[in-house]
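# Coordinates for the following, if possible.
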Amino acid sequence: MSSSTLLSQELFDETILENEEAFDLSHEEALKETVDQFLSQLGLGGVVCSADLLLGDHHDDDSGAVTNGAATEGGGLDVAAADGDDGIDTPPRTTTRTTTTTTVQTIPTQLLPLSHLILSHPHSSHGKHARLNRSHFQTSLELLDGLVGVDGKIAHVALAGSDDKVKEVVAALENVGRHCMLGDYYWNEECGNECAQSVNQHERHSSSSPLPYLAIFQRTSSIYTLMSFLSVVDPNTLSNSITTLTPTSTCSNNNSLTILQTTIRTISSILSSSPNHDDKGGKCALIRGELRDVFVPALGRVVGLIGGFVSGAAATNGNEGGLNENGSTMDNSTKENDDTVTTITEKTSILANLLQLGTNATRGCESGKVAFVLATVPESMMKISKRGGVAVLVACLSLAQTTLPPPPSSSTTLQSTTTMNKILIESCNLLSSLCRYDDFRDPSASTGGAIGAAGVNTSSAHDHAMEFHRAGVESLLVKIAKEVLSQLSLEEGGEGGGDVVVVERLAIAVLTALRVLAVNDEIIQTMVALGLLPVVTKALQLGVTVDESTTAVGVGDNATNKASTIRKQRLTAASLGLLRNLCGNDEIKTNLCLGSSEQTSPSSTPSTLPYLLQAMQIYPSIALLQEHACGTLAAMALRRPANARAIIESGGPRLILLAMKLHEMNVNVQRQGCSSVDERSTIRDAFLELGAEDTLRSIAGRHQGSVDEAYAALRDLGCTVSLVKFDAEDLQSNAVKRPMMFGEKHNSNFRPVFDDSEGLTEGLEGAASQFGASV
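Next comes the predicted model:
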């Protein structure tokens, strides 16, 4: 058997039973023997798989099992909204049915060739459930694949006039999405009462790694089947009115929309990472990344669908249905009609899911980002066809902003407000993904990616930020930020009457989007001219305004308080990240640090320094927040002695060193902390008095990523310091070499002083006589 051969589950199960019967083995011994046998046939005969390696931490009640992952709590098909890579932990899911301790196993490298198999005994309770789920999964894939023709189009006749068939297709899509996100979930009622009774209470509410299902999904090329289902609705027909959508099949409008909605959610759940369920070995992440590369050609259709839904919503709202060159709707007039608002609320949920799909498909995939931005949309939707990805995203921001009703006065209006806020959240998240470089995969091992001439992934983040800048997105984002922070202030005071969770998520998303756009001085000055500085100051102030009872140790342990505290942390981190980028301008960073007395200027703002230092004190354990805070303080003090004095007088150096000590293994915190050290006497003396030398030598100097910054900081402090170079051979022989500095003696035959060489004149004369010349 070659390594490229896909071993079937049926053959694996038959071999287990044959080995068990022929050699009179137990379930565990038969399982181990079978795995060793197939690994040997795949060319891995030298690998010895012990029973402990196979069983891991998951022992079935009556036999052994290889879980390919972990027992963790699961959920439905819904994909949690991605708020960006903020580095702040999400609170664990909770359940009132049972209390369990969950762990995530690392899949043994030896078992990766068999990752698509259920490595458990077929007669065990775990094995029965896993195989029943596997059977349902494969049946779902076969059903969906059978509806796609050889030309890649959906067989519309099979869906025509049959609600039962549509329900079957929707159920198949949901089943595929759940398994690829959660793995084996035992609370599924389809398992039957007999199977359910044989599983203990812990297993009934747990799930395993989705690796086997992702492996099957990838190897059967089922991603192409789901890509075909995105064509169930023709985007060209969406621009007339969102209430008169035209499907590409003869089935009803609602059926087409239902299938499209479920397809979008399924693909999104497959392409997005699932930290609570994916294996720690990284195999799930690798497969999801490869699936994103395969999905890149379909991003053009995603852009077309987004543009169609935006134009349709604008038409339903009383506009002409087209989009301007900068992506705004042709007419910003609105209908203050509850029925219209309700219709928009129902239909735009698909638009929010499309935007979320765009985020999940482009995150960690550079080629996907480029494909989305360069995609074009039909002229029926837009007055121009260039840079359709940028235009439709700007249009989403414009539409959601202009159709947001004033303060909610009814449940219908509140629902519409929440839906539009979610569109804004997903739009900002997608913009942040497109303008951030996060594809760090090895280009040689990647099936996609924007590969440059040097054989590395080429970042397009700056180019995309400039595209959005030329489309005028800053004015929309700043305006949205002002409105959402005003709403958040009302919600904090109990006067808003809206969903505070959604409002806080929107504030975080828009601040993150502004941060990734602030890549040069031109864009920063544009944002400041639009009045951004008071906005970011207000956001930081709201972030540090927390109830002390929820942040004290051992207090506020309920899920609501924890979730609220985490949202505050994210809001503060997003505010500090934006401040850090804005401090690239010398005038602006002075206003931010010291405050401005010119109240009429758009850059006028009270000092943010007290709130910044307060954030470092309230959230000392949040590494990303401390990194942004240290980086902001370093940028504020650079070339500005007045700012440096204010930071020292406020106790900044003490908080910087405390952050470095608390996060001694975080290289980014160490680098930013070292950058805060300056050779000016006031700064130097403040750091030396606090024992900065020991921190720089023993913590920052240990990391390869921060050793240069630590060396520079120690040099600025006037400490005796030298660089030491270690090679692989040096580590083995305990030898240490210091890099040669300029002017030091390197060649033992080199004499640094001038001296006449003996016999030089005679040598020159002898050489010249050979050519008849004279010296």
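# quick one, helices of the stretch 251-400 of the chain?
253-271, 283-295, 299-316, 338-362, 366-374, 388-402 (DSSP state H, counting those that start in this stretch).
# Let's have those helices in a markdown table, adding mean neighbour count and distance to residue 545.
All C-beta atoms are positioned from the backbone trio N, CA, C, and that covers glycine. What follows is the helices of the stretch 251-400 of the chain, written out as a markdown table (neighbours: other CB atoms under 10 Å; distance: least, CB to CB, whole Å):
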| stretch | mean neighbour count | distance to residue 545 |
| --- | --- | --- |
| helix 253-271 | 22 | 34 |
| helix 283-295 | 21 | 37 |
| helix 299-316 | 26 | 36 |
| helix 338-362 | 22 | 29 |
| helix 366-374 | 24 | 36 |
| helix 388-402 | 26 | 26 |
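# now those helices in a markdown table, with distance to residue 637 and mean pLDDT?
Converted to a markdown table, those look like this (distance: least, CB to CB, whole Å; pLDDT from 0 to 100):
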| stretch | distance to residue 637 | mean pLDDT |
| --- | --- | --- |
| helix 253-271 | 42 | 90 |
| helix 283-295 | 39 | 92 |
| helix 299-316 | 43 | 82 |
| helix 338-362 | 36 | 76 |
| helix 366-374 | 35 | 93 |
| helix 388-402 | 35 | 85 |
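# how about these, which one is nearest residue 212?
Closest approach to residue 212 among those is made by helix 283-295 (10.2 Å; CB to CB).
# what angle do the closest one and helix 299-316 make?
70 degrees (axes from the mean of the first three to the mean of the last three CA atoms, to 10 degrees).
# Which neighbouring elements make contact with helix 283-295?
Using 3 or more CB pairs under 8 Å, 6 or more residues apart in numbering; DSSP states H and E, the elements in contact with helix 283-295 are helix 211-219, helix 222-229, helix 253-271, helix 338-362, helix 366-374.
# so what secondary structure elements neighbour the first one?
To tie it back to what came earlier, the one meant is helix 211-219. Secondary elements touching helix 211-219 (3+ CB pairs under 8 Å, 6+ apart): helix 125-146, helix 163-182, helix 283-295.
# just so I know, which of those lies nearest residue 617?
helix 283-295 (35.4 Å).
# pull the CA atoms of the closest one into CSV?
Output of helix 283-295 as CSV, limited to C-alpha atoms (Å, rounded to 0.1, in the frame of the first residue of the first chain):
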residue,chain,number,x,y,z
LYS,A,283,-3.3,19.2,11.4
CYS,A,284,-6.8,20.7,11.4
ALA,A,285,-5.4,24.2,10.9
LEU,A,286,-3.2,22.9,8.0
ILE,A,287,-6.2,21.4,6.2
ARG,A,288,-8.4,24.5,6.8
GLY,A,289,-5.6,26.6,5.3
GLU,A,290,-5.4,24.4,2.2
LEU,A,291,-9.1,24.5,1.8
ARG,A,292,-8.9,28.3,1.9
ASP,A,293,-6.4,28.2,-0.9
VAL,A,294,-8.8,26.0,-3.0
PHE,A,295,-11.7,28.4,-2.2
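# how about JSON lines for the helices and strands packed on helix 211-219, with distance to residue 525 added?
Shown next, in JSON lines, are these (distance: least, CB to CB, whole Å):
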{"stretch": "helix 125-146", "distance to residue 525": "52"}
{"stretch": "helix 163-182", "distance to residue 525": "44"}
{"stretch": "helix 283-295", "distance to residue 525": "36"}
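# Out of those, flag the one nearest residue 611.
When the helices and strands packed on helix 211-219 are compared (using CB to CB), the closest one is helix 283-295, at 36.6 Å.
# Do you have the strands of the stretch 601-750 of the chain handy? List them.
Counting by DSSP state E, counting those that start in this stretch, no segments of the stretch 601-750 of the chain form strands.
# so which of the helices and strands packed on helix 283-295 comes closest to residue 621?
Taking the helices and strands packed on helix 283-295 one by one with CB to CB, helix 338-362 is closest: 27.6 Å.
# Quick one: mean pLDDT for stretch 593-611?
For stretch 593-611, the mean pLDDT works out to 79.
# Need the helices of the stretch 251-400 of the chain in a markdown table (columns: distance to residue 593).
Shown next, in a markdown table, are those (distance: least, CB to CB, whole Å):
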| stretch | distance to residue 593 |
| --- | --- |
| helix 253-271 | 42 |
| helix 283-295 | 40 |
| helix 299-316 | 41 |
| helix 338-362 | 34 |
| helix 366-374 | 34 |
| helix 388-402 | 31 |
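# Looks like residue 622 contacts residue 573 (just checking).
Yes: contact between residue 622 and residue 573 holds when scored by CB atoms under 8 Å: they sit 6.6 Å apart.
# distance of residue 583 from residue 527?
Distance of residue 583 to residue 527, computed by CB to CB, to the nearest Å: 13 Å.
# For the helix or strand hosting residue 564, list every residue counted as buried.
Element membership for residue 564, per DSSP states H and E: helix 559-582. For helix 559-582, burial by neighbour count (16 or more other CB atoms under 10 Å) applies to 561, 564-582.
# helices or strands next to it in the packing?
Here helix 559-582 touches helix 500-517, helix 521-529, helix 532-544, helix 548-551, helix 586-594, helix 609-618, helix 623-637, going by 3+ CB pairs under 8 Å, 6+ apart.
# any chance of those in TSV, plus distance to residue 442 and mean neighbour count?
TSV is the format used below for these (distance: least, CB to CB, whole Å; neighbours: other CB atoms under 10 Å):
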stretch	distance to residue 442	mean neighbour count
helix 500-517	24	25
helix 521-529	32	18
helix 532-544	37	23
helix 548-551	41	12
helix 586-594	38	20
helix 609-618	37	20
helix 623-637	25	26
